[in-house]
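Enquirer: Below is the structure, and that's it, no one-letter string:
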């Protein structure tokens, strides 16, 4: 089990980070509140601090995991030592900027030295090569749920994933139908509306488990399919009228209503408060005009979640936004164009991407597109509340994205582990070399840290907390996925650059994870760092 030395190391690092947060608060606060302009003067410090705090959250989750067995303890100890070293690397030479003294970390030196030594890492690498990356320690019902979705991914998603990726094709309808039969689209829909959500911890944890398993099959045609319905579901549950819940939630749960989310605009990415697409009052409803971009699955979807400005006063920022559900005809392929009887138009084109293919991300232009008044989420009471309802869905979307990252990492790790055992270089299997063992050990530790942290956040969110931690785990684990998939590709050597092996797809798919559902920089600076200093102000 992780001993007292591991806990002391985490506590020492946490105390140092807490002091750095206080220092950033002193630099970036005004009248006792976080000041965005002042925070922007210290972006490099704030960004590193946000990621350091996020890694420490993962350390806490790994301390608990390490109590479950010997392999678990080894993974936890190595991970904590690795995070500790990374923290020192971020600070060294910038101590004055951080407002800390690195000497306070000295008592943890022996622990870090032991668990980063070549001897320890090599032994851990041998073990994970033989046994895998360690058990999840989920309750039995969640283990069974995860296995169900993993079998679906193995049988239905993986056989077509490479073809869809290489041809830039659509998500096959049999996958959509099969996932609907499993109840995948109703995991967050309350039972009274035909879903599986009972209002407890199982709702969040079940979503994480399912998302990881589907992403293990494919990020583009598996892991992201259930995220869009999830975001709209939570917005409707939070702010929709009783009539709207009855109208939309059963269809989402059954898979009849396939959802796309439209928030981002060409000139406004993660800055949702700056949305400019306008909804103007019209007889019986609203007319939408403007352009949305990066709307994943907008072609195939028949239900659009659209954030628009209903108050023309731009000074009201996010307080002038409202949320609409826009009905749309399904349009497989890479483009669509629709015209209403009254002259309104909706035109969309798919944006070609290097990875994350299958669902397609669209740019969609609206010109006086009429939306009935009953499609305004919350009705008249929902005017001006669209930003808050959108964030209700996005906060859990961040947790889901972390689970997607874990699924992609797990697939990459398994592929690299298998290849390393089979491929011989200079007379030995690659898996026998110390460097390969070290890479596989770090992969296993990062994956388990991401997984256990996601479980922890799911449990927190079930109690109405955990929004900061959801942002943390999303930011940290998605960056980790880039390293894991890169090194998995590297272990494959030249074949890692060939499309013969799925690891090349994992690598380009993983790159999107730090961009969507809140770009890494925006999440670190505008959410994590800001909330951290607000807590100590």
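Expert: Nice, thanks for sending it over. Quick caveat, the model's predicted, so the values are computed rather than measured.

Enquirer: What segments of the protein are strands?
Expert: Counting by DSSP state E, the chain has strands at residues 29-30, 33-34, 259-262, 278-282, 285-296, 303-309, 321-327, 335-339, 345-351, 361-372, 424-425, 428-429.

Enquirer: looking at these, which is closest to residue 44?
Expert: With Cβ to Cβ as the criterion, residue 44 lies closest to strand 33-34 of the strands of the chain, at 17.2 Å. For every residue, glycine as well, the C-beta is placed using N, CA and C.

Enquirer: Who are the packing partners of the closest one?
Expert: Here strand 33-34 touches helix 530-536, going by 3 or more Cβ pairs under 8 Å, 6 or more residues apart in numbering; DSSP states H and E.

Enquirer: May I see the buried residues of the helix it packs on?
Expert: Neighbour-count burial for helix 530-536, counted by 16 or more other Cβ atoms under 10 Å, picks out 530, 531, 532, 533.

Enquirer: Hmm, residue 298 and residue 228 touching each other?
Expert: No: counting by Cβ atoms under 8 Å, residue 228 does not reach residue 298; the two are 9.6 Å apart.

Enquirer: which residues do these two both contact?
Expert: Residues touching both residue 228 and residue 298 by Cβ atoms under 8 Å, 6 or more residues apart in numbering: residue 260.

Enquirer: For the closest residue to residue 422 other than its chain neighbours, grab the count of nearby residues.
Expert: Using Cβ to Cβ, 6 or more residues apart in numbering and skipping residues adjacent in sequence, the residue nearest residue 422 is residue 429, 7.1 Å away. Per other Cβ atoms under 10 Å, the neighbour tally for residue 429 reads 15.

Enquirer: from here on, count from 31
Expert: Noted, 31 is the first residue going forward, which turns the last one into residue 459.

Enquirer: doesn't residue 451 make contact with residue 459?
Expert: Yes: assessed by Cβ under 8 Å, residue 459 is found in contact with residue 451 at 5.9 Å.

Enquirer: can you list the buried residues of helix 560-566 in CSV and add distance to residue 489?
Expert: Below are the buried residues of helix 560-566 laid out as CSV (distance: Cβ to Cβ, whole Å):
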residue, distance to residue 489
560, 24
561, 19
562, 21
563, 26
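
Enquirer: from the residues you listed, which is closest to residue 277?
Expert: Among these, and counting by Cβ to Cβ, the member closest to residue 277 is residue 561, at 35.1 Å.

Enquirer: ok, now which ones touch the closest one?
Expert: Applying Cβ under 8 Å, 6+ apart, we find residue 561 in contact with 498, 501.

Enquirer: and the gap between it and residue 337?
Expert: 22 Å (Cβ to Cβ, to the nearest Å).

Enquirer: Next: residue 32.
Expert: Taken as Cβ to Cβ, the span from residue 32 to residue 337 is 44 Å.

Enquirer: same thing with residue 183?
Expert: Counting by Cβ to Cβ, the separation of residue 183 from residue 337 is 31 Å.

Enquirer: just residue 541 next, same as before
Expert: Counting by Cβ to Cβ, the gap from residue 541 to residue 337 is 26 Å.

Enquirer: So for these two, which residue has more residues nearby?
Expert: Neighbour count, other Cβ under 10 Å: between residue 541 and residue 337, residue 337 has more, with 25 against 18.

Enquirer: Assess the claim that that one and residue 293 are in contact.
Expert: Yes: taking contacts as Cβ under 8 Å, residue 337 lies within contact range of residue 293: 4.8 Å.

Enquirer: hey, which helix or strand in the protein has the poorest pLDDT?
Expert: Every helix and strand in the chain was compared by mean pLDDT, DSSP states H and E; the lowest is strand 63-64, with a mean of 83.

Enquirer: Would you mind listing the residues in contact with the closest residue to residue 342 other than its chain neighbours?
Expert: Nearest residue to residue 342, sequence neighbours excluded (Cβ to Cβ, 6+ apart): residue 308, at 7.1 Å. Residue 308 makes contact with 318, 319, 320, 338, 339, 342, according to Cβ under 8 Å, 6+ apart.

Enquirer: circling back to that earlier point, contacts for the least confident helix or strand of the chain, please.
Expert: Looking at strand 63-64 with Cβ under 8 Å, 6+ apart, the contacting residues turn out to be 55, 58, 560, 563, 564, 567.

Enquirer: Now for the fifth one: which residues touch it?
Expert: Residues touching residue 564, when contacts are defined by Cβ under 8 Å, 6+ apart, comprise 63, 64.

Enquirer: Quick check: the gap between residue 214 and residue 179.
Expert: 7 Å.

Enquirer: and for those two, which residues touch both?
Expert: Residues touching both residue 214 and residue 179 (Cβ under 8 Å, 6+ apart) are 240, 244.

Enquirer: any idea of the pLDDT on residue 422?
Expert: pLDDT recorded at residue 422 is 82.

Enquirer: Residue 376 touches residue 394, doesn't it?
Expert: Yes: the criterion here is Cβ under 8 Å, and residue 376 meets it with residue 394 at 6.6 Å.

Enquirer: Those two: which is more packed in?
Expert: The neighbour count for residue 376 versus residue 394, taken as other Cβ under 10 Å, is higher for residue 394 (25 against 22).

Enquirer: What's opposite that one in the beta bridge?
Expert: For residue 394, the beta-bridge partners are residue 322, residue 378 (DSSP bridges).

Enquirer: sorry, back to before: kindly write the PyMOL command that selects the buried subset of the contacts of residue 308.
Expert: The following PyMOL line selects those of the contacts of residue 308 that are buried, judged by 16+ other Cβ under 10 Å:
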select buried, resi 318+319+320+338+339
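
Enquirer: would you turn the contacts of residue 308 into a markdown table with distance to residue 422 and pLDDT?
Expert: Shown next, in a markdown table, are the contacts of residue 308 (distance: Cβ to Cβ, whole Å; pLDDT from 0 to 100):
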| residue | distance to residue 422 | pLDDT |
| --- | --- | --- |
| 318 | 21 | 98 |
| 319 | 26 | 97 |
| 320 | 23 | 96 |
| 338 | 17 | 96 |
| 339 | 19 | 96 |
| 342 | 25 | 89 |
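
Enquirer: and which of the contacts of residue 308 is nearest residue 440?
Expert: The closest of these to residue 440 turns out to be residue 338 (Cβ to Cβ; 38.2 Å).

Enquirer: check contacts around that closest one.
Expert: By Cβ under 8 Å, 6+ apart, the residues touching residue 338 are 305, 307, 308, 309, 316, 318, 320, 351, 352, 353, 354, 416.

Enquirer: how about 7 Å then?
Expert: With contact taken as Cβ atoms under 7 Å, 6 or more residues apart in numbering, residue 338 is in contact with 305, 307, 308, 309, 318, 351, 352, 354.

Enquirer: Any idea which residue is closest to the centre of this structure?
Expert: Nearest to the mean C-alpha position of the chain, counting by Cα atoms, centre = their mean, stands residue 431 at 1.7 Å.

Enquirer: number of nearby residues for the closest residue to it other than its chain neighbours?
Expert: Take residue 431 and drop its neighbours on the chain: the residue closest to it by Cβ to Cβ, 6+ apart is residue 547, 4.4 Å away. By other Cβ under 10 Å, 25 other residues sit near residue 547.

Enquirer: same thing with residue 199?
Expert: Look at residue 199: counted by other Cβ under 10 Å, it has 18 neighbours.

Enquirer: cool, residue 458 as well?
Expert: When neighbours are defined as other Cβ under 10 Å, residue 458 has 11 of them.

Enquirer: go on, residue 270?
Expert: 24.

Enquirer: List the contacts of it.
Expert: 407, 408.

Enquirer: Quick check on it: phi, psi?
Expert: Here is the backbone geometry of residue 270 (degrees, to the nearest 10): phi -80, psi 160.
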